[in-house]
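K.L.:
sequence below, structure please.
(chains A, B and C)
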Amino acid sequence: MRLNRCVAVLLGFVAASGPPAAAAARAEAPTPVTMVVAALQDVDTLNPFVGSQATSTQIFRLTYDYLTDYSPVDNSPVPGLAKTWTTSADGLTWTFRLREGVRWSDGKPLTSKDIEFTYRTLMDHPTLANAAQVQNFAAVRASDPVTLVITTKVPIPNMLTLDIPIVPAHLWAGHDPETGLTGTAALVGSGPFHLVEVRQSSYYRFESTRGYWRGTPKVSGLIFRHFNDSDAAVQALRKGEVDVVGNLTPAQYDALAGDRRIARNEAQSSRFTELGFNAGAARADGTPIGNGHPALRDVQVREAVDRAIDRRVLVERVLDGHGTAGVGYLPPAFAPWGWQPPPTSIRGFDPAAANRILDEAGYRRGPDGVRLMPNSQRRLAFNLLVPNGRAHYQQSATYLTGWLKAIGIEIRPQLLSDTEKGARTAVGRYDMFLGGWILDPDPDYLLSVQTCGARPVGSAVGLTDTFVCDPGYDRLYQLQARQLSRDERARTVQQMQQRLYDNADLLTLYYPAVLEAYRGDRFAPLLRRPAAFGSVNGSWSYAAAVPLRPAQPDQGVPIWPLVAVALLVVVIGGGLWRLRATRDHRE
Amino acid sequence: MTVSVRRPPRRPLVVASATLAGFALLALLAPVLIAPESLDVVTAHGPTLAPPSTRFPLGTDENGLSVLLLTLAGARLSVGVGFIAAGLAVVVGALAGVTAGVLRGRPAAALVWIMDWFLMLPQVPLAIAFVAVLSPGLTALVLVIVVTSWAPIGRVVRTAVLAAQAQPYLDRVRALGAGNWYIARVHLLSEVLPVIAVSAALALANAILAEAAFSYLGLGAPSEISWGSMLRQASVSGALTAGAWWYVLPPGLAVIIVVLAAGICANAISSASTQQY
Amino acid sequence: MISRTARTGGTVESGDVRSGGVQRAGERMAGVRAAGMRSAGVRAGGTLWTRVLLALTGAGLRLSASLCLGFFLFHILPGDPVLSLASGHPVTAEALALRRRELGLDRPLLTQFGAYFANMLRGDLGTSFGYHRPVTDLLQERLWPTVLLVGTAAVVSTALGIWSGVLAGWRPDGRLDRFTSTVALVLWATPTAWLGLLLLIGLGTGVGPLPGWLPIGGLHATPAPSGLPATVLDVARHLVLPCLTLVAVQYGQYHLLIRASVITQRQHQYVAVARATGLRDASVRRRHVLPNALLPTTTQAFLNVGLVLSGAVAVEAVFSWPGLGYLAYEAVRIPDLPVLNGTLLVFCTAVILMNLIADLTVAWLDPRTVQ
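P.N.:
Have a look, this model is predicted:
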């Protein structure tokens, strides 16, 4: 009897709360349109000085402003917070005239002091994520609220492509940039959107900034919704729970072809996948480190490996045709920096030639078919570090194993996390690795990674990718850094890539296309950047997104699960109590 | 005292153990039965993610390999690891259980306390910890399963040993002059063996389920084929979105069949060894 | 049945061997319940307070042992975690040395252990390598979704298992028994992740004629509705599929366990007496058979909650459920050692706690406990 009354009360409570909830959901329906974007990578931190994951940097692009921005047409620099700029004759002094009337989301005005503070903080703390971009700054001075003067130690051409979010000095001053701010102060920015709700590993909710200087975004809100795997994200796209999904696998991309509600985009030439060698890992002063296989120091071995790889098959089978075969360091279509070797000197797929090269170089085959080094009888068995982040790395590794076995080289793939791989490559404890880079609009950073100076100093962790050290390459790098004419610089950059190709310290396997899909029935075609072949999954497209029609109201919510659960809890609890009470009756 | 042994129907036991034996055989012979070229992505040229056809009875995966061959090849790891891990766990657990049951006093209590602590180790977090700290592979997998499975077997065996020792007729046997060792060998063993057999079957079932779960989460041997890794590949390569049900169903069904067989064996053995007083 | 998430705890080990074993051992030791209640370090009889004290001491010792395990796994075994912190940025040698000093890696092992222990007791579990936040914060955030998921699944699967087990055990080998027991057995043999994937496709996205009106994953709709009733209902809706998966794979063992107990109980004399005096079957079931059969299941349910916490990792992964299990799984990728240490501790503590509750419940319900 007591039990029944409890149940009745509970049922009543639940019933009473049911209908108003459903009605409230329906009442929320009209106009404000929120765009929901699937985030496959979690945010590591909202501290703009520390965050380096892709999702974090996307959030910074939405919530903060930058000195300059990228043109959606061709990625060239366009005004951001800086309206105009001039350079001194020697290229060492830059004077920026800033935009007026920009405000922080807490109402205070944005002045040159904020930019000065941001850059000075990075200069003072060289371990912060973006500090490398200001390493050649000599001084930053805010001469008046709308003028910023930057002097550099050497001429730097990437002054107009600084990826540094500008933070509010009045909130950050006095705080340690490594730990960041807490509470609502941490969410203050000046960008086209501002964060209003943060549920880590669930979602991040933004609202558009009214009166943003570039124009109020047409979507009233934005949500980054976290998904553990891309299949769930694609299911959600089909159901309408998200609007934009990026980084699709080829199978997913092809599977969405028939759905008329969904628009797809294939972005080319923004990534490359490389096979890196340990051709002699050493520190900046030349001290060798690590335990790389000595055979890989022979450029003929590396060239033979290159000729054993059928890139066409990789593109067709691993990428399902969504990508292009790799040759040069930067994709040929990545204008104006891309390059490919002249047709006569391309090392194409030719396993017979590879075998010939190795035979003539003295690497005879051993009893098990694996070649041996000429003098030491050491087998050509290399380990291959494979990052576990994307499926195509592991698939490519399987193909590589087979192809290299055919020319007498044994490969042992090891699947690792990105950080583990980084820890191994940093100290040279590897033979080969697979890796990939996302191209910035300006190639300077990627080019710097292959310089002698990028190698570690002492026991530090260097910036280097494959411990390449070619003095000729370094000379060209210094040269392009000073060339302010885009055409001249492009020519120098191409010469650098020729040297990289000849050295064969790394092989470019392919340029995978970035596959994206979005609800074409809810939004007008999203903005690509660059316009010809670019991606639609970024801050530029969210800020410019145009909704097609108002959002659908949310569905009514069934209350039976909660009722069932509540009932069971009550029943079990009551049962236990009765057990206790009646124990004297038992046995 | 009468002992009546119920005779359960024998057919389930026969069918189940035949299934298990069949899969065990498959696990052993898979490398021999399946030509390595048909599982090499470089030489296999099937269409990617194709539905079942005459040439590929269970369709193909994202590399163009036959799902049927993958499932058969996956038995090697899934069933093999299951047998090895369960076998080791049973050996360790039975030894510990018998020792704890026969010994008295402090050593026995200490052993029981150790077993209880191992009982409480959660399986998946421990697997995650091992994989993070050691390198992922077969050793870590088998180690985790053995570490988390031996203790329950030990407890069950100990209870059986205690129960067997308390039987009244043993006093009479001792009065007739039988030594402890004789009693252990002749009387206790016949009581305890069925318990060990049932535990072994259940341990096998758990080991196979554990391997499937770990491989799905990416905690298993990275470049080996197993039923769990097939599920993982299906998720990672977007096969679900593409509606490739032929890629997802076979590994799960294979696990169900083998685990069910092990469970039925366990039930049948325990029913057969029931004695009613 | 040994529970599918590896095993039963100490209390129901006799129940691991199916029906016959329970019956036989139980009858010898004065009742099924006694056998079912033989638990770690708790002897039958004695005052309630003695048993409580023993249980508490045991739990405390086990907790300390788990702490030691955590230290061994995450401080001794890994080589040099400092390099992992570099995360792809160039780092100077001084910064690396500074980091080593901060983490206390340059002090002797014993000092490190002392500091570790002291920190644990204070509740300081370190800072996550991946999220740059205190581990305790992360654990707090992710704890309740897992508890909600696992707790609900435990309650529902126990209830369902009891209900169908009683009905099946009352008429063994009848049609209902054969059907439910087969279903229970097959579900027991099903891999959790696989079932989750199938449910996600079938009921989440919708395949063929099935409508996909359940959410794809996550804990809240985006944006989450405001107000308590709406939030509760929203979460409940998202809970359905993951909970259903967990219930399906756990239901089997409760069904089989209770069925075995009921079969045993039925054969007791008092049941025959009750029926002979004209009591309806349902009454006999409810008043006599069910309570006796319920005890092993109760303790089993408590023990399982602790163990299933870890088994829920696969479900959390499939349904993007932001819980502890998935936090641990994500942490392997880096590897985020402080988070791994924290989650392992939480899981061990949960199991120990559940065992403690089971022991205490058994002591409370056991009529042989002298008060």
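K.L.:
contacts (any at all) between chain C and stretch A:111-127?
P.N.:
Yes: applying C-beta under 8 Å from any C-beta of the partner chain, one finds that stretch A:111-127 is in contact with chain C at A:126-127. (C-beta placed from N, C-alpha, C; glycine too.)
K.L.:
quick check: mean pLDDT of that stretch?
P.N.:
Here stretch A:111-127 scores 91 as its mean pLDDT.
K.L.:
need the contact partners of it.
P.N.:
Here stretch A:111-127 makes contact (C-beta atoms under 8 Å, 6 or more residues apart in numbering or on different chains) with A:49, A:67, A:81, A:98, A:128, A:130-131, A:133-135, A:137, A:140-148, A:150, A:164-170, A:172-173, A:177-178, C:89, C:91-92, C:95.
K.L.:
quick one: low-confidence residue ranges for chain A.
P.N.:
A:1-31, A:550-565, A:579-587 (pLDDT under 70).
K.L.:
could you point out the helix or strand that follows the helix or strand encompassing A:Val140?
P.N.:
In the assignment (DSSP states H and E), A:Val140 maps to strand A:137-144. For strand A:137-144, the succeeding helix or strand toward the C-terminus, using DSSP H and E, is strand A:147-152.
K.L.:
just the helices in the stretch 451-587 of chain A please.
P.N.:
A:471-482, A:486-503, A:539-543, A:560-581 (DSSP state H, counting those that start in this stretch).
K.L.:
show me what the shortest one is packed against.
P.N.:
Helices and strands touching helix A:539-543, by 3 or more C-beta pairs under 8 Å, 6 or more residues apart in numbering or on different chains; DSSP states H and E, are helix A:54-63.
K.L.:
can you name the secondary structure element that comes next after the helix it packs on?
P.N.:
Per DSSP H and E, the first helix or strand lying C-terminal to helix A:54-63 is strand A:68-70.
K.L.:
in its sheet, what does that following strand sit against?
P.N.:
Strand pairing for strand A:68-70, determined by DSSP bridges: strand A:77-79 (antiparallel).
K.L.:
list of residues touching the partner strand?
P.N.:
In contact with strand A:77-79 (C-beta under 8 Å, 6+ apart) are residues A:68-71, A:99, A:160-161.
K.L.:
what is the most widely separated pair among these?
P.N.:
Within these, A:Arg99 and A:Thr161 form the most distant pair, 18.0 Å apart (C-beta to C-beta).
K.L.:
of those two, who's got more company?
P.N.:
A:Thr161 (21 against 17; other C-beta atoms under 10 Å in any protein chain shown).
K.L.:
please name the nearest non-neighbouring residue to that one.
P.N.:
A:Asp442 (4.0 Å; C-beta to C-beta, 6 or more residues apart in numbering or on different chains).
K.L.:
just A:Met159 next, same as before
P.N.:
For A:Met159, the spatially nearest residue (C-beta to C-beta, 6+ apart) is A:Trp94, at 5.7 Å.
K.L.:
how about the residues of the stretch 101-250 of chain A by chain B?
P.N.:
A:229-231, A:234-235, A:248-250.
K.L.:
out of those, name the ones that lie in helices.
P.N.:
Among those, the members found in helices (DSSP state H) are A:230-231, A:234-235, A:250.
K.L.:
closest one of those residues to chain C?
P.N.:
Nearest to chain C among those, counting by C-beta to the nearest C-beta, is A:Gln235 at 4.6 Å.
K.L.:
quick check: bridge partners of the residue nearest to A:Met159?
P.N.:
A:Trp94 has the following beta-bridge partners by DSSP bridges: A:Thr87, A:Ile150.
K.L.:
buried residues, the longest helix seen in chain C. List them.
P.N.:
Criterion DSSP H: the longest helix present in chain C is helix C:228-266. Within helix C:228-266, the residues that count as buried by 16 or more other C-beta atoms under 10 Å in any protein chain shown are C:229-230, C:232-266.
K.L.:
name the residues of the stretch 101-250 of chain B found near chain A, please.
P.N.:
Contacts of the stretch 101-250 of chain B with chain A, taken as C-beta under 8 Å from any C-beta, map to B:135-136, B:218, B:222-223, B:233, B:235-244.
K.L.:
mind redoing it with 6 Å?
P.N.:
By the rule C-beta under 6 Å from any C-beta of the partner chain, the part of the stretch 101-250 of chain B lying against chain A is B:222-223, B:235-238, B:240-242.
K.L.:
secondary structure element for the residue nearest the centre of chain B, which one?
P.N.:
Residue closest to the mean C-alpha point of chain B, counted by C-alpha atoms, centre = their mean, is B:Leu204 at 1.5 Å. Secondary structure from DSSP H and E places B:Leu204 in helix B:189-216.
K.L.:
what's the offset of that helix from the middle of its chain?
P.N.:
Mean-position distance between helix B:189-216 and its chain equals 5 Å (C-alpha atoms, centre = their mean, to the nearest Å).
K.L.:
any residue of it touching chain C?
P.N.:
Yes: using C-beta under 6 Å from any C-beta, helix B:189-216 comes into contact with chain C via B:195, B:198, B:202, B:206, B:209, B:212-213, B:216.
K.L.:
buried among these? Need that as a selection in PyMOL.
P.N.:
Per 16+ other C-beta under 10 Å, the buried members of the residues of helix B:189-216 next to chain C correspond to this PyMOL selection:
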select buried, chain B and resi 195+198+202+206+209+212+213+216
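K.L.:
what about C:Ala168, neighbour count?
P.N.:
So C:Ala168, with other C-beta under 10 Å, has 24 neighbours.
K.L.:
one more: the one 5 residues further on?
P.N.:
Burial of C:Asp173, expressed as a neighbour count using other C-beta under 10 Å, amounts to 8.
K.L.:
and it, how far from chain A?
P.N.:
27 Å (C-beta to the nearest C-beta, to the nearest Å).
K.L.:
what about that residue, helix or strand, and which?
P.N.:
Judged by DSSP H and E, C:Asp173 forms part of no helix or strand.
K.L.:
next up, the contacts around it.
P.N.:
For C:Asp173, no residue counts as a contact, taking C-beta atoms under 6 Å, 6 or more residues apart in numbering or on different chains as the criterion.
K.L.:
list phi and psi for it.
P.N.:
When read as degrees, to the nearest 10, the backbone of C:Asp173 gives phi 70, psi 10.
K.L.:
counting by contacts, list what whichever strand or helix holds C:Arg99 packs against.
P.N.:
Using DSSP H and E, C:Arg99 sits in helix C:93-102. Under the contact criterion of 3 or more C-beta pairs under 6 Å, 6 or more residues apart in numbering or on different chains; DSSP states H and E, helix C:93-102 touches helix C:81-86.
K.L.:
model confidence over the helix it packs on, on average?
P.N.:
Mean predicted confidence for helix C:81-86 is 64.
K.L.:
stretch B:247-257 too?
P.N.:
Mean pLDDT, computed over stretch B:247-257, is 92.
K.L.:
for chain C, give me its nearest residue in the stretch 301-450 of chain A.
P.N.:
For the stretch 301-450 of chain A, C-beta to the nearest C-beta, closest residue to chain C: A:Ala423, 4.0 Å.
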